[in-house]
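Asks: Dropping a prediction and its sequence here:
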Amino acid sequence: MKVYKINDHIMKYRFGSPFETHSVVMQGELTDKGKIHRLQVQWEETLKINYKMDKEDIIWGLGESQRGMNKRGGIYEAYCSDDPRHTPDKKSLYGAHNFIIIDGLEFFGLYIDFPGKIIFDIGFTHKDLLQIEIEGKDADIYIIKGTKLYEISRNFLELIGESYVPPKWAFGYQQSRWDYLDARAVEEIAEAFEKHEIPCDAIYLDIDYMENFKDFTIDEKKFPQFKQFVKKLREKGLRLIPIIDAGVKIEAGYGVYEEGVEKGYFCIDAEGKPFVAAVWPGRVHFPDFLNPAARKWFGLKYKVLTDYGIEGFWNDMNEPAIFYTERGLQQAIHQAKRSENENLDIYSFFALKDAFINLSNHPQDYQSFYHQVEGKRINHHQVHNLYGYNMTKAAAEGLQAIDPDKRFLLFSRASYIGMHRYAGIWTGDNHSWWEHILLNLKMMPSLNLCGFLYVGADTGGFSGDTNAQMLIRWMQLSLFAPLFRNHSAMGTRKQEPFAFDEESMAIMRRMIQLRYEFIPYIYAEYMKAVFHKGLYFAPLAFAYEDKLSKRVEDQLLVGESLMITPIYQENAVGRTVWLPEEMLLCLFGPGEKLQYSVKFQGHHYIGADLDVVPVFLRKNKLFPIGSYGKNIEALDHTVLRFIGFVEDQASYHYYDDDGITYRYKEGIYDEIAIFVEKKSDDYAIHVKKKGSPKVKKLLFDLIDRRGRILEKTILLV
Ligand code: GLC
């Protein structure tokens, strides 16, 4: 083991010679050998880490994973998996995020940089034992210290580098469905948004826009004159976001396939031939995204679509998902033939059934292909978790080369820590289950902890049928998520906001309008989290250290001022909440007029009918709100309203920028620093601006502990 000091807070322990994942951006200096902090490490055939947890220890982290924000009690497998039916017993989801924080008697962060499979048994086998088994001998283990949870997460986020920033329009509402089969269908959706006056920024193109599911092609029959089509929608204020899949169809005459074979850019099998697996288009090859030349080649292919005016992409099936391989298929067919005319009993029937059920994403298939990295053959299984990450890195680097100063929307299904520097993620194929609203809520802060700020789930649920009520409640959570996208699968009930009854549509319209009203806050808080290595979504424990706050699993801090308490139970008209301190409850509902009430510290039942979003404003904090518009570009922010719950003093940094370029990196952005001080029955307000903010007038609704509202206006000159 070699020990490196990264800085005063972070130590790296290197075992063997790990595969370079590029997940961290800090190197550190070799120091004298030292003992690994508080952990028992066994280094034999595999690397094992053991830690005895104290009764009260809480374990945070693991990004995209099942169960609670507190991961204790569960067993998790870091192995990017295409599992559309993720019931609570599933151990792996689409991403692999190996960072945890141990919060209790001892207090530190632990990041395991290893691209293969890791099992995190966090008090599952034995309630007090944290047992981590790394399927290999070569890994970097980082120990991250800090005196507060926020410090540990900040130190970790510094280690892994600055988050991706999408264009500002990507914070608008986005409509998707795997069912918009041709240009006419997309146009009908666009027209419905217009007709019903529901704001929207983007419509998604799922696999059907391609010609026979071939990446970087357009089906001209279904989408004739694509460039004009993209332009036409753009003129309506909408962007089209096409999907890109990992697998490249094997088809003579298809340029991407032929070039990839010729240049040796595909993953290979044991004989050195391009590896064959099957996904949507039937048989495909997988680009070898670990090979920089292949990455560059694939990344520049996005130009085919940007030349049509496309400004955003979602990368899919990049775990990579495998429907079947020849090996599995032959086995299953053999099993079927053997079963013909048999009297199938319990054993033979299940053997037959399993032969087909287990065709997809089979472990043996992941072990049977190779990457070629710096002249060495690497078995895919050993670096499995880097595949989606590097596909997305390919896209990000390609887009950067295509238009260096333009922010593109980009997010991926599979991911590994480090990918957050290039793109966001969506949480894959969930279900229209109430349980998945809660899972979505719990996953958001865990993802932020692992670097992923631009995140969101398929609102309304991907598989299964939603009802209007579930979609509305889900929207009430998603309207705070940086990625607010409604997406569903072919064959399920339609779930656009206008797919239900008039009354539900009116409520959904209001929820989406609220999203746009909250943009000044959502965008400012997102960007501040990027700059300061903070969290956009955080568990209560990150701001409140009392015993109860640490255990809250269904409320979230959003940015620096808000706490949200989404409703995730069918037919509920309210819920119980825990307030770690006195807060101001703001009920956002159908009308423009807001209802405020001051709530004391403690447990409360708060009523919230289906058309009401309860939002808590923390003490001595401000919450900027704008007016809604038909899309992000149409928002008029000359007047902003600030709700303030001010007992003694509050400050807020409002941030904005051009929303489309990277000029913010050169310090070109707008800022308004606001400081409010309570003076007996009045308030003194100071504002200072930087840059040239569009805001000209600031309206203040200042509320004190007794619930008295004082309105103030400040003109910004
Ligand atoms: C995968 C994606 C899903 C998409 C579907 C068809 O299941 O996760 O979002 O709609 O493929 O492309």
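Replies: Here it is on my side, so go on. Residues are numbered from 1 along each chain as shown.
Asks: which bits of the stretch 101-250 of the chain sit near the ligand?
Replies: Trp178, Asp206, Ile207, Ile243 (Cβ under 6 Å from any ligand atom). For every residue, glycine as well, the C-beta is placed using N, CA and C.
Asks: Does the first one touch Ala185 like I think?
Replies: Put plainly, it is Trp178. No. Here Trp178 lies out of contact with Ala185, judged by Cβ atoms under 8 Å, at a distance of 11.5 Å.
Asks: if you count what's nearby, which of these two comes out ahead?
Replies: Taking Trp178 and Ala185 together and counting by other Cβ atoms under 10 Å, Trp178 has the greater number of neighbours (18 against 14).
Asks: Skipping adjacent residues, who's closest to that one in space?
Replies: When the adjacent residues along the chain are set aside, Trp178 lies closest to Asp206, with 4.1 Å between them (Cβ to Cβ, 6 or more residues apart in numbering).
Asks: Let's see if you can find the most crowded of the residues of the stretch 101-250 of the chain next to the ligand.
Replies: Going through those with other Cβ under 10 Å as the criterion, the one with the most neighbours is Ile243, at 22 neighbours.
Asks: Show me the beta-bridge partners of that residue.
Replies: Note on Ile243: beta-bridge partners Trp314, judged by DSSP bridges.
Asks: Give me the pLDDT for it.
Replies: With respect to pLDDT, Ile243 has a value of 99.
Asks: Please name the residues that touch it.
Replies: Remark: with contacts taken as Cβ atoms under 8 Å, 6 or more residues apart in numbering, Ile243 is in contact with Tyr204, Leu205, Asp206, Ile207, Tyr209, Phe313, Trp314, Asn315, Asp316.
Asks: again, but for Ile322
Replies: Contacts for Ile322 were tallied using Cβ under 8 Å, 6+ apart; they are Ala277, Ala278, Val279, Ser360, Asn361, His362, Asp365, Tyr366.
Asks: now whichever residue of the stretch 201-350 of the chain sits closest to the ligand: how far from Tyr387?
Replies: Here the stretch 201-350 of the chain gets closest to the ligand at one residue, Ile207, 4.2 Å apart by Cβ to the nearest ligand atom. Distance of Ile207 to Tyr387, computed by Cβ to Cβ, to the nearest Å: 19 Å.
Asks: related to what we said a few turns ago, would you mind checking the contacts of Ile322 for buried ones?
Replies: When burial is judged by neighbour count using 16 or more other Cβ atoms under 10 Å, the buried members of the contacts of Ile322 are Ala277, Ala278, Val279, Ser360, Asn361, His362, Asp365, Tyr366.
Asks: and which of the residues you listed is nearest to Gln174?
Replies: Sorting the buried ones among the contacts of Ile322 by how near they are to Gln174, with Cβ to Cβ, puts Val279 at the top with 24.4 Å.
Asks: show me the contacts for the nearest residue to that closest one once chain neighbours are set aside.
Replies: On the basis of Cβ to Cβ, 6+ apart, the spatially nearest residue to Val279 that is not a chain neighbour turns out to be Gly247, at 4.1 Å. Gly247 sits next to Ala277, Ala278, Val279, Trp280, Pro281, Val284, His285, Phe286, Met317, Pro320 when contact means Cβ under 8 Å, 6+ apart.
Asks: My read is that the second one contacts Val284, right?
Replies: Yes. Counting by Cβ under 8 Å, Ala278 does reach Val284; the two are 6.6 Å apart.
Asks: Pairing partners for the host helix or strand of Lys688, with directions?
Replies: The secondary structure element spanning Lys688 is strand 682-690 (assigned by DSSP states H and E). Using DSSP bridges, strand 682-690 pairs in its sheet with strand 670-679 (antiparallel).
Asks: what's the first-to-last distance across stretch 424-440?
Replies: The first and final residues of stretch 424-440 sit 15 Å from each other (Cα to Cα, to the nearest Å).
Asks: should've said stretch 550-562
Replies: In terms of Cα to Cα, the two terminal residues of stretch 550-562 are separated by 17 Å.
Asks: now that stretch: mean pLDDT?
Replies: Within the predicted structure, the mean pLDDT of stretch 550-562 is 98.
Asks: again with stretch 102-113
Replies: Here the mean pLDDT over stretch 102-113 is 96, rounded to a whole number.
Asks: Could you do stretch 497-515 as well?
Replies: Along stretch 497-515, the predicted confidence averages to a pLDDT of 98.
Asks: rewinding a little: turn the buried ones among the contacts of Ile322 into a markdown table, columns for secondary structure and pLDDT.
Replies: Supplementary listing: these in a markdown table, determined by DSSP: H, G, I helix; E, B strand; the rest coil; pLDDT from 0 to 100:
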| residue | secondary structure | pLDDT |
| --- | --- | --- |
| Ala277 | strand | 98 |
| Ala278 | strand | 98 |
| Val279 | strand | 98 |
| Ser360 | coil | 97 |
| Asn361 | coil | 97 |
| His362 | coil | 97 |
| Asp365 | helix | 98 |
| Tyr366 | helix | 98 |
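Asks: how about those residues in TSV, adding distance to the ligand?
Replies: Rendered in TSV, the data for those read as follows (distance: Cβ to the nearest ligand atom, whole Å):
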residue	distance to the ligand
Ala277	15
Ala278	14
Val279	9
Ser360	12
Asn361	12
His362	18
Asp365	18
Tyr366	18
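Asks: who are the neighbours in contact with the residue of the stretch 201-350 of the chain closest to the ligand?
Replies: Counting by Cβ under 8 Å, 6+ apart, Ile207 touches Trp178, Phe213, Ile243, Asp245, Trp280.
Asks: with these in mind, which one is nearest to Trp433?
Replies: Using Cβ to Cβ as the measure, the one of the contacts of Ile207 that approaches Trp433 most closely is Trp178, at 18.3 Å.
Asks: residue contacts, the closest one?
Replies: With contacts defined as Cβ under 8 Å, 6+ apart, Trp178 is in contact with Asp206, Ile207, Asp208, His487, Ser488, Ala489, Met490.
Asks: Sort out which of those are in strands and list them.
Replies: Where these are compared with strands, as defined by DSSP state E, there is no overlap at all.
Asks: ok, how many other residues are close to the residue of the stretch 351-500 of the chain found nearest the ligand?
Replies: Using Cβ to the nearest ligand atom, the closest approach of the stretch 351-500 of the chain to the ligand is made by Asp429 at 4.6 Å. By the measure other Cβ under 10 Å, the count of residues near Asp429 is 21.
Asks: How about the residues of this structure by the ligand?
Replies: Looking at the ligand, the residues of the chain close enough under Cβ under 6 Å from any ligand atom are Trp178, Asp206, Ile207, Ile243, Asp316, Arg413, Gly428, Asp429, Phe462, His487.
Asks: The residue of the stretch 551-700 of the chain found nearest the ligand: which element?
Replies: Using Cβ to the nearest ligand atom, the single residue of the stretch 551-700 of the chain nearest to the ligand is Tyr568, 21.9 Å away. No secondary structure element spans Tyr568, as it lies outside all helices and strands (assigned by DSSP H and E).
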